[in-house]
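# Sequence first, then the predicted structure:
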Amino acid sequence: MSAFKKLVLASASPRRIELLQQAGVEPDRLLPADVDETPLRAEHPRSLAKRLSKAKAEKAYASLKTEPDYSGSFVLAADTVVAVGRRILPKAELVDEASNCLKLLSGRSHRVFSGICLITPDGKLRQRLVETRVRFKRLGREELESYLASGEWRGKAGGYAVQGLAGTFVVKMVGSYSNVVGLPLYETVGLLTAEGFPVHFGWLSGPRV
């Protein structure tokens, strides 16, 4: 019976969906939670990631109460924050934002924090925070301009997508790669499994690749 437990992902991020699918987990529904992502005054990057992931999960969970088909679902949410020291970088929407982010990241180390929040069918709330350290090469003018022209940075925290062209910028990474992409798989699967979601049920159908 446990195999029929439903999972609602409080996100429409293609990256998070693909990562869950990589782990053999197919969300039953996508329910993006629109929350104000503006950092609070003097808020630490790790606190922001935890706060936003919790807010997204709680908003999605509350909206499911009027939907009997999903009332017994697990709700999973995540938020990823890129920071240099205590400085939180934006999710770049304008080319100038992306340019400023990449110039700041060029030749130095930064941290990527992901908050994960899971609300179980009986309303229990579980959270994890994951941190990865990333060091970029020094970016030349031509490769910076070329990357900006690619448009790959749009909507990405810190103005880059490590799973794409920006992977060539990474000199060193300490910690979870999937965390930098947008969802730390080890911690996410561990959280789901610990709370009784049948993660491994989807593996029984055989090889996925």
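Looks like it came in fine. This one's a predicted model, so the numbers in the text were calculated from it and none came from an experiment.
# make it CA atoms for all contacts and neighbour counts henceforth
Noted.
# Kindly list the longest helix within the protein.
When the chain is scanned for its longest helix (criterion: DSSP state H), the result is helix 45-63.
# tell me what that one is packed against?
strand 74-84, strand 109-119, strand 125-136 (3 or more C-alpha pairs under 8 Å, 6 or more residues apart in numbering; DSSP states H and E).
# Using a markdown table, lay out the ones you listed together with mean pLDDT.
Converted to a markdown table, those look like this (pLDDT from 0 to 100):
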| stretch | mean pLDDT |
| --- | --- |
| strand 74-84 | 97 |
| strand 109-119 | 98 |
| strand 125-136 | 98 |
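# Those: which one's closest to Leu19?
strand 74-84 (12.2 Å; C-alpha to C-alpha).
# Following the chain onward from the closest one, which element is next?
Of the helices and strands lying after strand 74-84 in sequence (DSSP states H and E), the nearest is strand 87-88.
# one step back: buried by neighbour count: which residues of the longest helix of the chain qualify?
Neighbour counts over helix 45-63 (16 or more other C-alpha atoms under 10 Å) mark 45-46, 48-61 as buried.
# Okay, now the unreliable bits of this structure?
Residues of the chain meeting the criterion pLDDT under 70: 1-3, 205-209.
# what's the residue closest to the geometric middle of it?
The chain has Gly182 as the residue nearest its centroid, 3.0 Å off, counting by C-alpha atoms, centre = their mean.
# Could I get the contacting residues of it?
15-16, 78-80, 114 (C-alpha atoms under 8 Å, 6 or more residues apart in numbering).
# ok so, going back, of the buried residues of helix 45-63, closest to Arg108?
Pro45 (17.7 Å).
# if I read this right, that closest one contacts Arg111, doesn't it?
No. Under the criterion of C-alpha atoms under 8 Å, Pro45 makes no contact with Arg111, lying 9.1 Å away.
# Pull up the overlap in contacts between those two.
Joint contacts of Pro45 and Arg111 (C-alpha under 8 Å, 6+ apart) are 82-83.
# quick revisit: now the contacts of Gly182 in JSON lines, with neighbour count and distance to Glu93?
Formatted as JSON lines, the contacts of Gly182 follow (neighbours: other C-alpha atoms under 10 Å; distance: C-alpha to C-alpha, whole Å):
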{"residue": "Arg15", "neighbour count": "16", "distance to Glu93": "17"}
{"residue": "Arg16", "neighbour count": "21", "distance to Glu93": "19"}
{"residue": "Ala78", "neighbour count": "29", "distance to Glu93": "20"}
{"residue": "Asp79", "neighbour count": "24", "distance to Glu93": "17"}
{"residue": "Thr80", "neighbour count": "29", "distance to Glu93": "16"}
{"residue": "Ser114", "neighbour count": "28", "distance to Glu93": "20"}
